[in-house]
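*Asks:* Provided below are the primary sequence and the corresponding predicted coordinates.
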Amino acid sequence: MKKIFLSLLICFLLLIPALVKAEDICFSEETANNMVVELEQGRILEKQIELYKEANAELEKQVALLNKVIELKDRQLEVAQATNEQYKALLDTQQKVYGDMIKSVKSNNLKTMITQYGLIVAIIAVALF
């Protein structure tokens, strides 16, 4: 009985593959080709994503550096404005001092001229009388 059972089991196992069609188990050739193409596209897209991540990281570094440059330029502008205000104050002070010096020189020149003309008139008057 064992022999019969084993022989029936072997026959059954040999007949099962013949009863099952390949289309029931496997994919069609077109579906398999589409799967291969999609897998390749997936790999390519994954590589592109990695490249975009690297490029994004570089761009973020550049943005950070440009923000630092902006901060430095803002500080530079503040210093330049402060320097400009100091120069304006200096120029105003210089203008006042030079104006005072010119007035002083003019009044001294006038006094000197009057004194010199007075002296000349006195010498002429003494010489004539």
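*Replies:* In hand now; what should we look at?
*Asks:* Show me where this protein has its helices.
*Replies:* According to DSSP state H, the chain carries its helices in the segments 2-19, 22-25, 29-128.
*Asks:* any chance of those in a markdown table, plus mean neighbour count and mean pLDDT?
*Replies:* Just so you know, the C-beta spots here come from the backbone N, C-alpha and C atoms, and that holds for glycine as well. Output for those, formatted as a markdown table (neighbours: other C-beta atoms under 10 Å; pLDDT from 0 to 100):
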| stretch | mean neighbour count | mean pLDDT |
| --- | --- | --- |
| helix 2-19 | 9 | 67 |
| helix 22-25 | 8 | 55 |
| helix 29-128 | 10 | 88 |
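*Asks:* State the distance from residue 33 to residue 95.
*Replies:* Note on residue 33: its distance to residue 95, by C-beta to C-beta, to the nearest Å, is 89 Å.
*Asks:* ugh, wrong one, I meant residue 84
*Replies:* 16 Å.
*Asks:* One more: residue 64?
*Replies:* With C-beta to C-beta as the criterion, residue 64 and residue 95 are 47 Å apart.
*Asks:* what do you get for residue 71?
*Replies:* As for residue 71, its distance to residue 95 is 36 Å (criterion: C-beta to C-beta).
*Asks:* same deal with residue 30?
*Replies:* Residue 30 sits at a distance of 92 Å from residue 95 (criterion: C-beta to C-beta).
*Asks:* just residue 111 next, same as before
*Replies:* In this view, residue 111 and residue 95 are 25 Å apart by C-beta to C-beta.
*Asks:* now do residue 122
*Replies:* On the measure of C-beta to C-beta, residue 122 and residue 95 end up 40 Å apart.
*Asks:* Could you do residue 69 as well?
*Replies:* Counting by C-beta to C-beta, the separation of residue 69 from residue 95 is 38 Å.
*Asks:* again, but for residue 127
*Replies:* 47 Å.
*Asks:* ok now do the residue nearest the centre of the chain, which residues does it touch?
*Replies:* Centrality entry for the chain: nearest residue to the mean C-alpha point is residue 66, 2.3 Å, by C-alpha atoms, centre = their mean. Not one residue lies near residue 66 by C-beta atoms under 8 Å, 6 or more residues apart in numbering.
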